[in-house]
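**Q** The sequence and its predicted three-dimensional model are supplied below.
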Amino acid sequence: MDKNLWRWIELNEYETPSVPTTMLAKRWWQKMLQTLRPSRVEVSTANSAEEEPKGVEFKFDEQPLLDSLNTLLDQQNQDDPRVTWLVLAPASPAWSVIRKWANQNGWQPVSMPQRDSLLTSSSVDELNIPSEPWVVDDLSHGFVRHPLGIRWLQNFLRKTLQTPQSPGLVICGSWLYYYLEKTHGGLNRQALTLRPFDTESMVTSRIAVSRAHAKRLVAVSEGHPGIAAAYRNAFAVAAEQTEIVLEMPQVPTAHGETSTFVIYALLLHGGLSTFLLGEVLNSIAPNLIEHSLNLLRSHGIVRYQDDQWSVTELGYPAAKQFLAQRDFNWTSC
């Protein structure tokens, strides 16, 4: 596998891979035909001599990602012990790999409060930054978009704005990062993200079974390898296929305003419990939130798992497009 497959770039260098005009036309047509039922999208592919067995679940090889982190953070530490922000898209395979890397290399986790405790009127736990290399493996766990729920995060931003004594690593979801850019802009952050996968990367990584398959995966995932892998596993494709059928979830148009806020809140927080979602959206009647969640779940856009709601990997492209149509698309990732 190409050792440069996983490459960290400055966040402002991130560009979504280009999509062929024909695929854009198909995407526009599907929006025109959107109904309450999931849309069935059919696209043709070219023949390929390569073969890939059906039914084999694709899994990422963690080692190349671990190697890329070693290279990145060795370079960072040689320069100065600044705080490095790694901004990750939903479903990125890097989430779990970074936690594994930090544990292997002895980076100390920063203690974070329980999310529910953030909404109490009592003071939040004191923030202690370790004097040795440290990591926040998911910044959203210390944040709730609520007058009381942002106190710990504000304290964290103030402390890390100062010159740190040791290297720090902050893992932040792309939706939360762009929210902070709007609300706390001007902080001196060194933000990096993974380069998106183009057609060649899809083939090299073996997510795609052929170049034609790779083009379709790039179009639906916008270059996010985690999303592409989810589509590859959901819809078995043989390399010699001349037609690929993708069941593309679509966000239902009913209760569109409530669904907009529900989807955005889930992406911003990386998932929420029913209670916290109600607190974040306290201006919306609970029965409307419940109805919206059930409707979105029936269309494959969200799921309820481990006591929290989140946007599904297959539903993410439709959710992001839905928010973009309502001027809520504040992230390129």
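**A** Nice, thanks for sending it over. Keep in mind it's a predicted model, so treat the numbers as computed, not measured.
**Q** where do the strands sit along the stretch 1-150 of the chain?
**A** 8-10, 39-44, 83-88, 108-109, 134-136 (DSSP state E, counting those that start in this stretch).
**Q** Which residues are in contact with the residue nearest the centre of the chain?
**A** Centroid-nearest residue in the chain, with C-alpha atoms, centre = their mean: Pro90, separated by 1.4 Å. Neighbouring residues of Pro90 by C-beta atoms under 8 Å, 6 or more residues apart in numbering: 173-175, 224, 226-227, 267, 270, 311, 313, 316. Every residue, glycine included, has its C-beta placed from N, CA and C.
**Q** can we see that at 6 Å?
**A** Contacts here follow C-beta atoms under 6 Å, 6 or more residues apart in numbering; on that basis Pro90 touches Tyr316.
**Q** how near is it to Pro64?
**A** 21 Å (C-beta to C-beta, to the nearest Å).
**Q** same check, this time on Ile171
**A** Between Ile171 and Pro64 the computed distance is 18 Å (C-beta to C-beta).
**Q** Between the two, which is the more surrounded one?
**A** With neighbours defined as other C-beta atoms under 10 Å, Ile171 and Pro64 compare such that Ile171 has more, 21 against 17.
**Q** Verify the stated contact: that one with Leu86.
**A** Yes - counting by C-beta atoms under 6 Å, Leu86 is a contact partner of Ile171 at 5.3 Å.
**Q** Asp327 is nearest to which of the strands of the stretch 1-150 of the chain?
**A** strand 83-88 (21.2 Å; C-beta to C-beta).
**Q** what helices or strands is the closest one leaning on?
**A** Here strand 83-88 touches strand 168-173, strand 190-194, going by 3 or more C-beta pairs under 6 Å, 6 or more residues apart in numbering; DSSP states H and E.
**Q** Single out the most deeply packed of these.
**A** Of all the helices and strands packed on strand 83-88, strand 168-173 has the most neighbours on average by mean count of other C-beta atoms under 10 Å, namely a mean of 23.
**Q** Can you check which of the helices and strands packed on strand 83-88 gets nearest to Ala285?
**A** Shortest distance between Ala285 and those, using C-beta to C-beta, is found for strand 168-173: 27.6 Å.
**Q** Which of the three states applies to the nearest residue to Leu281 once chain neighbours are set aside?
**A** Using C-beta to C-beta, 6 or more residues apart in numbering and skipping the chain neighbours, the partner closest in space to Leu281 is Phe261 (5.5 Å). Following DSSP: H, G, I helix; E, B strand; the rest coil, the label given to Phe261 is helix.
**Q** State which helix of the protein is the longest.
**A** Ranked by number of residues, the top helix in the chain under DSSP state H is helix 62-79.
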